[in-house]
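Q: sequence below, structure please.
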Amino acid sequence: NAEYMGVYDDHLILAIPESALSAYHLHLPAYRYHRYMIFYICAVYSTMSNNTEPLFLGFDFSTQQIKVIALDNSLRSVYSNAASFDDDTQYGTRSGCHTNGLVVTAPTLMWVETLDVLLGRMSADNFPFHRVVAISGSAQQHGSVYWNQNASKILADLDPKQLMKPQLTNAFSIENSPIWMDASTAEYCEALESHVGGADVIAKVTGMRVFERCTAPQIMKIIKEQPERYKQTAHIGMVSSFGCSLLTGTLAAIDWADGVGTNLIDTERRIWHRAICDYISPTLRDKLPLLVEPASSAGTVSRYLSARYGFPPQCVVVAFTGDNPSSLAGLHASPTDVFVSLGTSDTVFMCTTGCADSPALLDTMGFVNPVDSTQTVSMLVYKNGSLARQRVRDSMCNGSWEEFNESLSKSPVGNNGNIGFYYYDMEVIPHVQGVWRFNKEAQKVSQFAPEVEVRALLESQFLSKRLFCERLGLDLLGPSKRIVATGGASVNLSILRVLADVMGTPVYGVEGSGNSAALGAAYRAKHVWSGSDFTVVREMHPDSCC
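A: As a prediction, the model looks like this:
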């Protein structure tokens, strides 16, 4: 009796006669239209005749929110939702964090509470948890979580009649987790690099030189500034393993791909580097979890999740990884692709086979490909990504992306020689903070008109990415080269046009690429659950589209 009305914002819209409502037992957001009820159905599975088909969940604990996506057995997206740290909790964060000068942290319990909110929304949507056979996830990289001696028992004994947040209040020795945006550990970075023998040596050993955001210098800072809290710490995890722990009810391992961001892994042997860990603290290795292959099971869902939400007890939880490695898994990639993620931070990553001797690799993070552990992917991180674009949007375009795009259309490619450098936060490469603008005569100016400002921002951001690729020796103009854009800003075609103009290379987007990290997590869940090679799963991926 339902009439198909169309699809809006990934929601299926049906018109159902009121007389037929009782037969459907539906409790969904609706709008009355004459004798019909127009339903915005978040869960497309509500219309499926096969209600026993297995589902695969992917979570992404990003900087500003937690996202979830559900795929059916054919890897079609059938559900998605999100909960925001700023809007759905009351911790006073801005863009998901607290900033005090160079110190940037996030309340650990905020992440727990936001997961409570998200699972509650899924339950309110009548999401069929009982059909989920496998889950995986991703998280912002480098951030660290500090569990105390009570944490293991608290996780195992969670009461399904209560939310997780109030029960985990006393599970952490450090209440505010340092995250990737922190730039307060310069002295510890210098000390660690000096001890090991220099930036090039530690990069060769651990996969990257020491940056302020990395976990190792963050731990060093805590040991010096909060020694008693460090003593109370029984287990140090990353945000990815933390998210996994909330699902399994156990203290989860760290996967190789995300673990590179600690500066603590011997990347050749893929174990914790004894000498580096012991230099930081004789007790550090005792506080670190196991390291595991990305494509490995972390166990099954906790008794808490099974009892409270109806997950089947045998539902597999696959090891979580970092958001950038997970995005790679979520894209239909070819070996020659260059990926540009336009998220809270901007990143550029690619397979660097043939670039091993390039000095530009010293500025990158080399992580294990989460779907092919024999392959290394190099990534460069830019802290001033979408937050910088949003700042210019708010100051110049009344907070409107439509005005932003309109202003962009009024300025020519090349911006008539005007250019700017926009480092609102302490940047990674180059290591500077501030805003500079120059006109076509190379004279410093204090401000630009809106149409000049928005293009100056984008062109300078993308010129830096082009310079990095050229320093690696990549031929961006080769016939098989393409740039695949992902992240939240990749849905803005005006921004992608500037990226293509600056890079001189075709730029492709992927449908749903704003959720590529969560999508990659769901793909990885399917991969491990099915036991098949990831290439089999990849054949089912939607290909990149221009």
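
Q: only C-alpha atoms for contact and neighbour calcs from this point on.
A: Noted.

Q: secondary structure element holding S80?
A: Using DSSP states H and E, S80 sits in strand 77-84.

Q: for G137, same thing?
A: Assigned by DSSP H and E, G137 falls in strand 132-139.

Q: which other helices and strands does that strand contact?
A: strand 55-61, helix 239-248, strand 316-318, strand 321-322, helix 323-329, helix 516-530 (3 or more CA pairs under 8 Å, 6 or more residues apart in numbering; DSSP states H and E).

Q: could you dump the ones you listed to CSV with mean neighbour count, mean pLDDT and distance to Y508?
A: Shown next, in CSV, are those (neighbours: other CA atoms under 10 Å; pLDDT from 0 to 100; distance: least, CA to CA, whole Å):
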stretch, mean neighbour count, mean pLDDT, distance to Y508
strand 55-61, 29, 97, 23
helix 239-248, 26, 98, 28
strand 316-318, 26, 97, 29
strand 321-322, 34, 96, 23
helix 323-329, 27, 89, 14
helix 516-530, 29, 93, 14
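
Q: quick one on the thing from earlier: and the strand holding S80, average pLDDT?
A: Throughout strand 77-84, pLDDT has a mean value of 95.

Q: any regions of the stretch 251-400 of the chain where pLDDT drops low?
A: 332, 352-361 (pLDDT under 70).

Q: can you show me the strands along it?
A: All strands of the stretch 251-400 of the chain, identified by DSSP state E, counting those that start in this stretch, fall at 254-255, 265-266, 271-272, 291-292, 297-300, 316-318, 321-322, 338-342, 346-351, 365-369, 372-382.

Q: and the contacts of the second one?
A: The set of residues external to strand 265-266 that reach it, using CA atoms under 8 Å, 6 or more residues apart in numbering, is 205-207, 259, 271-273.

Q: pull the distance from it to the chain's centre.
A: 22 Å (CA atoms, centre = their mean, to the nearest Å).

Q: ok, for G143, nearest residue in space, not its chain neighbours?
A: Take G143 and drop its neighbours on the chain: the residue closest to it by CA to CA, 6 or more residues apart in numbering is I179, 4.0 Å away.

Q: thinking again about what came up before, roughly how far out does the strand holding S80 sit from the chain middle?
A: For strand 77-84, the distance to the chain centre is 15 Å (CA atoms, centre = their mean).

Q: helices or strands up against that strand?
A: strand 65-71, helix 108-124.

Q: quick one: average confidence on stretch 409-426?
A: 96.

Q: for that stretch, buried residues please.
A: 411, 415, 418-426 (16 or more other CA atoms under 10 Å).

Q: next, the angle strand 338-342 makes with the longest helix belonging to the chain.
A: Longest helix in the chain by number of residues (criterion: DSSP state H): helix 450-471. Computed by axes from the mean of the first three to the mean of the last three CA atoms, to 10 degrees, the angle separating helix 450-471 from strand 338-342 equals 150 degrees.

Q: could you export helix 450-471 as PDB, CA atoms only?
A: What follows is helix 450-471, C-alpha atoms only, in PDB (Å, rounded to 0.1, in the frame of the first residue of the first chain):
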ATOM      1  CA  PRO A 450      36.100  38.100  -0.100                       C
ATOM      2  CA  GLU A 451      36.500  36.800  -3.600                       C
ATOM      3  CA  VAL A 452      40.300  37.100  -3.400                       C
ATOM      4  CA  GLU A 453      40.500  35.700   0.200                       C
ATOM      5  CA  VAL A 454      38.600  32.500  -0.500                       C
ATOM      6  CA  ARG A 455      40.700  31.700  -3.500                       C
ATOM      7  CA  ALA A 456      43.900  32.700  -1.900                       C
ATOM      8  CA  LEU A 457      43.200  30.300   1.000                       C
ATOM      9  CA  LEU A 458      42.400  27.300  -1.300                       C
ATOM     10  CA  GLU A 459      45.200  27.900  -3.800                       C
ATOM     11  CA  SER A 460      47.800  28.200  -1.000                       C
ATOM     12  CA  GLN A 461      46.500  25.000   0.700                       C
ATOM     13  CA  PHE A 462      46.600  23.000  -2.600                       C
ATOM     14  CA  LEU A 463      49.900  24.500  -3.800                       C
ATOM     15  CA  SER A 464      51.500  23.100  -0.700                       C
ATOM     16  CA  LYS A 465      50.100  19.600  -1.500                       C
ATOM     17  CA  ARG A 466      51.400  19.900  -5.100                       C
ATOM     18  CA  LEU A 467      54.800  20.900  -3.900                       C
ATOM     19  CA  PHE A 468      54.900  17.800  -1.600                       C
ATOM     20  CA  CYS A 469      54.000  15.500  -4.400                       C
ATOM     21  CA  GLU A 470      56.600  17.000  -6.700                       C
ATOM     22  CA  ARG A 471      59.300  16.700  -4.000                       C
END
